[in-house]
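[1] Only the shape, not the letters, is given here:
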DNA sequence: CTGCAACCCTGCCCTTGGGGAAGGGTCAAG
DNA sequence: CTTGACCCTTCCCCAAGGGCAGGGTTGCAG
């Protein structure tokens, strides 16, 4: 009949942990000796080892307690579920590890240099600083969240801006910021942009982020928020595109 | 400039989490708009994503906060450490998974049937119920903690008991329980047991559990505790063996 | 025989990483 | 003008223990 300290030392848990398991009804309170010390037998050690195995697998103590009164078949079933959860968690951790590595690789270069260069071009092409800042934020966000997809998108964008006619559309977009929301030039611009988009990408979808991502919407909302004219422009373009 | 809810929804955390990160100094409090709402920009989103990546890797928030003011080289170093820790944790989880499977396999059979049969033999051979119970506890413990080694040990033990002369030694051990601690028959028995052990295993070590395990000591302590005579017997045997 | 160190007991508060509700202000759409 | 969806702060709650106080036991060494 061993003491709580021996049991703890052997199974590799703290004394406190054992007492907590008693309190929560996971491990049966053993008999006490004459001086009130808990005295454990081999069965207690075995129970504790089982409990620990489950607890280390991340099973909440309450669930372990409930499992104590489960039938054997329920218990097996629960074990299968727990194992699956564990597999998922391991997969999750590996994914996290991957993101961690990306973070390590990118911690010095928030943006590729070509993007920086591109952003400097913007001013020379006549874009406002406001536009350039917006673009910078946008690309930071895209590169941070979709590191593998971002560069493709960026090249597409850079290519678009290299064409003077298309660039003019973006310049107009930029300068529409301060127009009234009901200025007819906005309708005209929306028409021209929708047309150019169709011409450039045909009926194919333009390159986009992950379908599951709501980044585009987020970005667009951010953009729209700063000007009613832009807000209206966005609405019109969508209407034309979906027509 | 997005609101806290948008930021949260986008990065995939709860609003509360963001506020906690503000409180703990992980994420800088952004400016408020006219109505006191927090307004976030793209940089905040990026910071939050980084923080989340670290937090999901299990890094304590306090450490993440400290990392904010680390130099770039320190940061890289920390990332390496974190990745290693993560690798360890994944390994640990896989080990747990293995133990879980053993638990699933063994949940119906705490002891192999041959062990059960062996224990029933004990009574017929003249061992006391006390001895049989002790043996049962012992084997439960050994099988639970060293599932791969246990069967070997058990076979060795069963083989020993199959020999009537050796079995008599164990019977004497059993019945020595109620002798006085200074009974001379104990000295005699200790001598005979030590001799038989040498004869059976020669100078080789007798089969044992893991060197790192303190189970044998635990078991022996448990055994000794129930009788001063056994206690002395154990002392004498050790003395003879180590001589 | 008497220290004294090493155990054990209970009870209480502390921590981490948030969750959830209370109580109140804001915003946009119908 | 109301309604629902946001946002604000403050407060309490949870799991799974850690740690300490204040007090009793044991075993071993001098």
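    Nice, I can see it. Quick caveat, the model's predicted, so the values are computed rather than measured. Numbering: from 1, shown residues only, chains lettered A, B, ... in the order given.

[2] In the record's domain split, what are the boundaries for chain A?
    A:4-104, A:113-242 (automatic domain parsing).

[3] touching chain B at all, the first one?
    Meaning domain A:4-104. Yes. Against chain B, domain A:4-104 shows contacts by CB under 8 Å from any CB of the partner chain at A:6, A:9-10, A:41-43, A:45-46, A:49-50, A:53-54, A:56-57, A:72, A:75-76, A:79-80, A:82-83, A:86-87, A:89-90, A:92-94, A:96-97, A:99-101, A:103-104. The way it works is simple: take the backbone N, C-alpha and C, and place the C-beta from them, glycine included.

[4] Is it possible to mark the buried ones in the residues you listed?
    Buried members of the residues of domain A:4-104 next to chain B, scored by 16 or more other CB atoms under 10 Å in any protein chain shown, are A:6, A:10, A:41-43, A:45-46, A:49-50, A:53-54, A:56-57, A:75-76, A:79, A:82-83, A:86, A:89-90, A:93, A:96-97, A:99-100, A:103-104.

[5] what sits against the residue of chain A found nearest DNA strand C?
    In chain A, the residue that lies nearest DNA strand C is residue A:5 (2.5 Å; CB to the nearest atom of the strand). Counting by CB atoms under 8 Å, 6 or more residues apart in numbering or on different chains, residue A:5 makes contact with residue A:15.

[6] Shouldn't it be within a strand?
    No. Counting by DSSP: H, G, I helix; E, B strand; the rest coil, residue A:5 is not found in a strand; it is helix.

[7] what about the closest residue to residue A:172 other than its chain neighbours, how many residues close to it?
    Closest residue to residue A:172 apart from its sequence neighbours, by CB to CB, 6 or more residues apart in numbering or on different chains: residue A:189 at 5.2 Å. Neighbourhood size, residue A:189 [other CB atoms under 10 Å in any protein chain shown]: 21.

[8] returning to what we had before: of the residues of domain A:4-104 next to chain B, which ones also sit close to DNA strand D?
    Among those, no residue is within reach of DNA strand D (CB under 7 Å from any atom of the strand).

[9] and chain A, which of its residues are near DNA strand D?
    Counting by CB under 7 Å from any atom of the strand, the residues of chain A near DNA strand D are A:14, A:16, A:17, A:20, A:33, A:34, A:35, A:55, A:60, A:61, A:62.

[10] I'd like those as a markdown table, with neighbour count and distance to residue B:155 appended.
    As requested, the residues of chain A next to DNA strand D are arranged in a markdown table below (neighbours: other CB atoms under 10 Å in any protein chain shown; distance: CB to CB, whole Å):
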| residue | neighbour count | distance to residue B:155 |
| --- | --- | --- |
| A:14 | 11 | 36 |
| A:16 | 10 | 39 |
| A:17 | 17 | 35 |
| A:20 | 14 | 39 |
| A:33 | 11 | 36 |
| A:34 | 6 | 40 |
| A:35 | 5 | 41 |
| A:55 | 18 | 33 |
| A:60 | 10 | 40 |
| A:61 | 16 | 38 |
| A:62 | 11 | 41 |
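
[11] Give me the subset of these lying in helices.
    Residues of these located in helices (DSSP state H): A:16, A:17, A:20, A:55, A:61, A:62.

[12] what's the closest of these to residue A:194?
    Closest approach between these and residue A:194, by CB to CB: residue A:62, at 57.4 Å.

[13] Select, from the residues of chain A next to DNA strand D, the two members most distant in space.
    Pairwise across these, and taking CB to CB, the largest span is found between A:34 and A:60, at 36.5 Å.

[14] one step back: what distance do you get for the residue nearest to residue A:172 to residue A:69?
    70 Å (CB to CB, to the nearest Å).

[15] do the same with residue A:133
    62 Å.

[16] Comparing the two, which residue is more hemmed in?
    residue A:133 (14 against 9).

[17] element containing the more buried one?
    Using DSSP states H and E, residue A:133 maps to helix A:129-145.

[18] is any part of that helix close to chain B?
    Yes. Residues of helix A:129-145 contacting chain B under CB under 8 Å from any CB: A:137, A:138, A:140, A:141, A:144, A:145.

[19] Which of the residues you listed are buried, as a ChimeraX select command?
    Listed next is the ChimeraX selection for buried residues among the residues of helix A:129-145 next to chain B, using 16+ other CB under 10 Å:
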select /A:137,138,140,141,144,145
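
[20] Just the closest of the residues of helix A:129-145 next to chain B to chain B, please.
    Using CB to the nearest CB, residue A:137 comes nearest to chain B of these, at 3.5 Å.

[21] Tell me the spatial nearest neighbour of the closest one, not counting adjacent residues.
    Once flanking residues are discounted, residue A:137 sits nearest to residue B:42: 3.5 Å by CB to CB, 6+ apart.

[22] what sits against that neighbour?
    Residue B:42 neighbours (CB under 8 Å, 6+ apart): A:137, A:138, A:140, A:141, A:222.

[23] at 7 Å what do you get?
    Counting by CB atoms under 7 Å, 6 or more residues apart in numbering or on different chains, residue B:42 touches A:137, A:138, A:140, A:141.

[24] The residue nearest to the third one when sequence neighbours are not counted and residue A:37, how far apart?
    Here the nearest residue to residue A:140 in space, its sequence neighbours aside, is residue B:42; by CB to CB, 6+ apart that works out to 5.2 Å. To residue A:37, residue B:42 is 62 Å away according to CB to CB.
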